[in-house]
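please work out how this folds:
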Amino acid sequence: MKPIGIFGGTFDPVHQGHLRSALEMHEALGFERIHFVPCAQPAHRAAPRVSGEQRLVLLELAVAGQPAFVCDDRELRRASGPSYMYDTLLSFRGQYRDRPLCLLLGLDAFVGFSRWHRWAEICDLAHLVIARRPGADLPERGDEYALYKTRGAETVSALHQHAAGSVLITTVTQLEISATDIRARLAAGRSIRYLVPDAVADYIETQRFYVPRWAPDLSD
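As a prediction, this is how the structure comes out:
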C-alpha cells in the first residue's frame, strides 16, 4: 500500500510554497495522496487571523484540480482545545490501521519538534518526512538530531515497507514565501498575485481577509 501524507498547518493563508513542496514530495516519495489538515487552535503560536472554515475554503480553492491533494477538516471538527498532532495522528491511525502514514514537516518545524505534545510517541504513529531546502541542514545537537540519528532512513523504501517509525529528509525547491509576509502585504494594500493560486487571491480580495478593519472598501 502506498503511504498517505499528512500536511498540517494553520494555512493562514495557504500559498505556493506549501503547494510546491507537497507536490514535489508526492512525486518523489510515491504517496497515494496528501491530506492537508488545517489547524483549529495552534498550541505554540497565536490564533490564526481568519477562521478555520475560511481557511478550509482557501485550501479547497488551492488544491482544486489536483486529485492527489485532499482537504481534511478533522482538526476543525474536534472538540475545543489545542490541536495536537499526536491526537490527529491517532485519528488517522484508527482510520487507516496498517497503512504507512507520513507526517510532512519543514526543517524549521522539525528543529522545534521536541516541544510538541507527546513528541516522542509520534514516530510510533507515522513516519516523519522533513522537507529541506537547498543549503539548510539539521543542527547536529538536541533531541531532534538524536531522533534522526536513531530513526533516520536512507531510502524511500522504508516509508513503503513499514507503517511508521522512520525519519526521512528530502530536498524540495526553495520558494521564499511566507504566510506572515502575505498577510503584511495585504495589510499594506499590496498585491499577493503569484504568491498564492489565483483563485485564493481572488477569494481573499473579495472577502477582504487580512485587511485592517479601518481600511476603506474600494471595490464599488
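
now residue 161. Nearest residue, chain neighbours left out?
residue 100 (7.9 Å; Cβ to Cβ, 6 or more residues apart in numbering). The C-beta positions use only the backbone N, C-alpha and C, and glycine is treated the same way.

show me the contacts for that neighbour.
Residue 100 makes contact with 1-4, 127, 159-164, according to Cβ atoms under 8 Å, 6 or more residues apart in numbering.

then residue 53?
Residue 53 neighbours (Cβ under 8 Å, 6+ apart): residue 76.

what about it, distance to residue 38?
Going from residue 53 to residue 38 by Cβ to Cβ, to the nearest Å gives 9 Å.

quick one, strands of this protein?
4-9, 33-38, 69-71, 101-106, 127-132, 167-171 (DSSP state E).

packing partners of the fourth one?
For strand 101-106, the elements it packs on are strand 4-9, helix 16-29, helix 85-96, strand 127-132, judged by 3 or more Cβ pairs under 8 Å, 6 or more residues apart in numbering; DSSP states H and E.

also the third one?
Judged by 3+ Cβ pairs under 8 Å, 6+ apart, the packing partners of strand 69-71 are helix 16-29, strand 33-38, helix 52-63.

so who does residue 16 touch?
Shown in contact with residue 16 (Cβ under 8 Å, 6+ apart): 175, 177, 194-197.

any stretches of this protein with poor pLDDT?
79, 213-220 (pLDDT under 70).

overlap in contacts, residue 53 and residue 38.
Counting by Cβ under 8 Å, 6+ apart, the residues touching both residue 53 and residue 38 are residue 76.

closest to residue 205 out of the helices and strands packed on strand 101-106?
helix 16-29 (16.7 Å; Cβ to Cβ).

buried residues of the closest one, list them for me.
Across helix 16-29, burial judged by 16 or more other Cβ atoms under 10 Å covers 17-19, 21-23, 25-26, 29.

over to stretch 183-190?
For stretch 183-190, the neighbour count (16+ other Cβ under 10 Å) marks 183, 186 as buried.

what does stretch 4-17 give?
4-15, 17.

just give me the closest of those to residue 90.
Using Cβ to Cβ, the buried residues of stretch 4-17 come closest to residue 90 at residue 6, 11.9 Å.

burial count for residue 152?
For residue 152, the neighbour count with other Cβ atoms under 10 Å is 16.

ok, and the closest non-adjacent residue to it?
residue 167 (5.3 Å).

now residue 50
residue 209 (5.2 Å).
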